[in-house]
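1. coords please:
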Amino acid sequence: MKKNVILLLFFFPFFFFSQEVCSDYDACNYAYEGDCEYAVLYYDCNGSCVNDLDNDEVCDELEIFGCTDGSSLDGNPMACNFNPLATEDDGSCLYPGFIYDCDGVTCLTDTDGDGVCDENEVFGCNDSNAYNFNLLATEDDDSCWYPVFGCLNPLAGNYNPYADLDDDSCVFSPWIFNSTDCNMTVLIPNDADLLIDDYNLEFGDWIGAFYKDENNQLLCGGAVMWKEETTSIAIWGAENGLDNGFQNNEEITWKVFQNQSESILIPEFNFGSNTYNCNGLGGLEELSVFNQEIYFPAGWTIFSSYIIPIDNDVEKIFENIDDLIIIKDQNGDVFWPSLGINQIGGVNFNEGYIVKMDYESSGNNLVLSGELIPSDTEIIFNAGWNIISYLNRESAPVEDMMESIEQDLIIIKDEDGLIYWPQFGVNSMINMYPGRGYQIKLNTDLSFSYPSVSSARFFDFGNDLQTTHYSNPKKTGENMTIGIPISSWDCPLSLGDEIAVFSNDGHLVGSQIFDGKSMAISIWGNDFSTLEKDGIDSGEYFYFKLWDNNLKEEKYLKVDSWIEGSEFYYPNSISITGSISINFNQIDEKEIVQKFDLMGRNVISFNENQIGFILYKDGSVYKKIKQ
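-> Numbering: from 1, shown residues only. This next block holds a predicted model:
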């Protein structure tokens, strides 16, 4: 320890008195003792910038250029690129626009906070369901408009006075009519029966009122479109001296335009009448029409209808049927167009009519339009023969239809000679059909109405028994009926055997197949409207043949007795066999002894329209009228 102190005392004076003076001219302490001290880079020894051109006390070499605008709004710098480290403004300051902040996205003002700057808001309707929807609108201004679309033309059937905008939906009357100086108003309530064949008129159908001009042509005098709601139609009257509308007290013809076609309808009024009166009022209760299509085949047929046609004259009904030869009613009146004869006039729903079409006809369909006759309408039948109508709109079994008068019914037959003969249990007719007429024989006068079809049975099968050996005789429009009770056969028959009837000169005039029951055969008379003989003449003798279906051979039959009638033909007469057997003598026909005229002179043959007589060997005489 003592040694260390001595050493310190020895060296201290040496270090103290040996420090040098700074000799560097560039040093701040030049010529001063001690180490040289130098100024900081860019500064002088006094701490001032060596270079400071702008005297901002920031050395030029240390200047930081940038945006120095630090002014603020709401505590935020105004300049978007303000640089707090910048010492020298270099004119690069960028400022936000009037709408967006410095990021170009954030709104400076967005009052409703919807992300759209107030300055960019587009006011308008922003409901896409509105008529004036603005796809560009950002702010709804309650201006949305929801107009009513419709037809704005007062002349259109679907004119809508409450519509705001026309939608090109206007529908105009299919008929042209004039508005004149006076009209009649007819109410059509929403509950009116507006019918075509049980089908109601539909929205968009047109109802028109028609008058006849000086040429008897129907012209429209007013129309309205049916909208399935209460409406009215203005029916326009003719102006003074003009034929441009209805005349006072003129009957109104009603038409409906539906599915591009017109129909005439029949009106019923609940007040007012179906005649025009200027300033008059009326109200429809019903406007309807019913149609029935009836087929007329070639040759003879019997027709009837459950319709009272609007134009009911038989000449008008059949005016477009070129194949028509003649129509006859039960009283013998005829419509014979080729001769210009019309004794029938109007068609009566109470009766049927016998019609002949050209035999070369391909058939015709006729549509009758008019008033529907209820099926249970009472009809008066006379004792004896009647040609009756069938008033049901659907087919039904003849047994059910005639049940109420079965006790007074002798026989009923159709155009094909098919028969319902309850006395003998014969029913080849099976059903009655709409559009067909029937010949009926009664034993007394009576009133009759058809039962409804809904309460009747229906058998949808026809006469399946068809002759194969004997051809079908020509149906000529008139016939008589031969009844053969099952008990009258004195010889055995087999199912399928055929019985044929021949006229005296060998014409096949009737045939039927044996089915094991009593049977009826229609014998067809001569067609008076043709030149050739195509049936049996009135008063002419007939005979029978049998085709044995098992033996495949033909046999002759003879009637040994008759319960009613005889072997001579008379239109609409009835003959009933009492006993019938095989004629083993095979006499084909009665032997003719002599032919003579009204003066008693012998003749070989008869001339046209000549009346003569034929004497047979058995003593019988046949009156012959040559047509």
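
2. how much space between the residue nearest the centre of the chain and residue 218?
-> By Cα atoms, centre = their mean, the chain has its centre lying nearest to residue 259, at 7.3 Å. Per Cβ to Cβ, to the nearest Å, residue 259 is found 20 Å from residue 218. From N, CA and C alone the C-beta is placed, and that goes for glycine too.

3. Check residue 327 too.
-> 27 Å.

4. avg pLDDT for the helix or strand that contains residue 263?
-> According to DSSP states H and E, residue 263 maps onto strand 261-271. When pLDDT is averaged along strand 261-271, the result is 95.

5. Which elements pack onto whichever helix or strand comes after that strand?
-> Sequence order places strand 281-296 as the next helix or strand after strand 261-271, per DSSP H and E. Counting contacts by 3 or more Cβ pairs under 8 Å, 6 or more residues apart in numbering; DSSP states H and E, strand 281-296 packs against strand 183-188, strand 193-196, strand 253-258, strand 261-271, strand 307-309, strand 364-372.

6. which regions of the stretch 351-500 of the chain lie under the pLDDT threshold?
-> The model of the stretch 351-500 of the chain has pLDDT under 70 over residues 455-467.

7. For it, which segments count as strands?
-> For the stretch 351-500 of the chain, applying DSSP state E, counting those that start in this stretch gives strands covering 353-357, 364-372, 379-381, 384-388, 396-397, 409-413, 419-421, 426-427, 431-432, 438-442, 446-448, 479-484, 498-503.

8. Dump those into a markdown table; add mean neighbour count and distance to residue 148 as well.
-> As requested, the strands of the stretch 351-500 of the chain are arranged in a markdown table below (neighbours: other Cβ atoms under 10 Å; distance: least, Cβ to Cβ, whole Å):
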| stretch | mean neighbour count | distance to residue 148 |
| --- | --- | --- |
| strand 353-357 | 23 | 58 |
| strand 364-372 | 17 | 40 |
| strand 379-381 | 16 | 57 |
| strand 384-388 | 19 | 60 |
| strand 396-397 | 22 | 54 |
| strand 409-413 | 21 | 65 |
| strand 419-421 | 24 | 66 |
| strand 426-427 | 22 | 67 |
| strand 431-432 | 26 | 57 |
| strand 438-442 | 22 | 61 |
| strand 446-448 | 15 | 60 |
| strand 479-484 | 25 | 71 |
| strand 498-503 | 23 | 79 |
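
9. TSV for the ones you listed, including distance to residue 252?
-> Shown next, in TSV, are the strands of the stretch 351-500 of the chain (distance: least, Cβ to Cβ, whole Å):
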stretch	distance to residue 252
strand 353-357	31
strand 364-372	16
strand 379-381	31
strand 384-388	35
strand 396-397	38
strand 409-413	42
strand 419-421	46
strand 426-427	49
strand 431-432	37
strand 438-442	38
strand 446-448	36
strand 479-484	47
strand 498-503	57
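
10. low-scoring pLDDT stretches of this protein, where are they?
-> For the chain, the stretches with pLDDT under 70 are 1-19, 73-76, 455-467, 586-594, 598-599, 604-610, 616-627.

11. Quick check: which of the strands of the stretch 351-500 of the chain is nearest to residue 583?
-> The closest of these to residue 583 is strand 498-503. By Cβ to Cβ, the value is 12.7 Å.

12. What strands line up against the closest one, and which way round?
-> Taking DSSP bridges as the criterion, strand 498-503 forms sheet pairs with strand 508-513 (antiparallel), strand 542-548 (antiparallel).

13. Need the winner for burial among those strands.
-> Mean neighbours per residue, mean count of other Cβ atoms under 10 Å, is largest over these for strand 508-513, with a mean of 23.

14. Would you mind extracting the C-alpha trace of that strand into PDB?
-> The C-alpha coordinates for strand 508-513 follow below in PDB (Å, rounded to 0.1, in the frame of the first residue of the first chain):
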ATOM      1  CA  LEU A 508    -137.500 -59.000-101.700                       C
ATOM      2  CA  VAL A 509    -139.400 -56.500 -99.500                       C
ATOM      3  CA  GLY A 510    -138.600 -57.700 -96.000                       C
ATOM      4  CA  SER A 511    -136.400 -60.100 -94.000                       C
ATOM      5  CA  GLN A 512    -135.600 -61.000 -90.400                       C
ATOM      6  CA  ILE A 513    -133.600 -63.600 -88.400                       C
END
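
15. tilt between whichever helix or strand comes after that strand and strand 498-503?
-> Next along the chain after strand 508-513, taking DSSP H and E as the criterion, comes strand 519-524. Orientation check (axes from the mean of the first three to the mean of the last three Cα atoms, to 10 degrees): strand 519-524 against strand 498-503 gives 30 degrees.

16. on that earlier part again, please identify the one among the strands of the stretch 351-500 of the chain that comes closest to residue 179.
-> Across those, closest to residue 179 is strand 364-372 (Cβ to Cβ), at 30.1 Å.

17. same for the closest one, what does it pack against?
-> Short answer (3+ Cβ pairs under 8 Å, 6+ apart): strand 364-372 packs on strand 261-271, strand 281-296, strand 307-309.

18. just the ones you listed: most buried one?
-> strand 307-309 (a mean of 20).

19. Other residues contacting the helix or strand following it?
-> Next along the chain after strand 307-309, taking DSSP H and E as the criterion, comes helix 314-317. For helix 314-317, contacts defined as Cβ atoms under 8 Å, 6 or more residues apart in numbering pick out 309, 311, 327, 335, 337, 342, 344, 345, 346, 347, 366, 368.

20. still on that earlier bit, kindly reformat the strands paired with strand 498-503 as a markdown table containing distance to residue 480.
-> Listed next are the strands paired with strand 498-503 as a markdown table, based on distance: least, Cβ to Cβ, whole Å:
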| stretch | distance to residue 480 |
| --- | --- |
| strand 508-513 | 9 |
| strand 542-548 | 9 |
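
21. Could you tell me the angle between the strand holding residue 263 and strand 364-372?
-> Per the same axes, to 10 degrees, the angle that strand 261-271 makes with strand 364-372 is 20 degrees.

22. Fine by me, we can end here.
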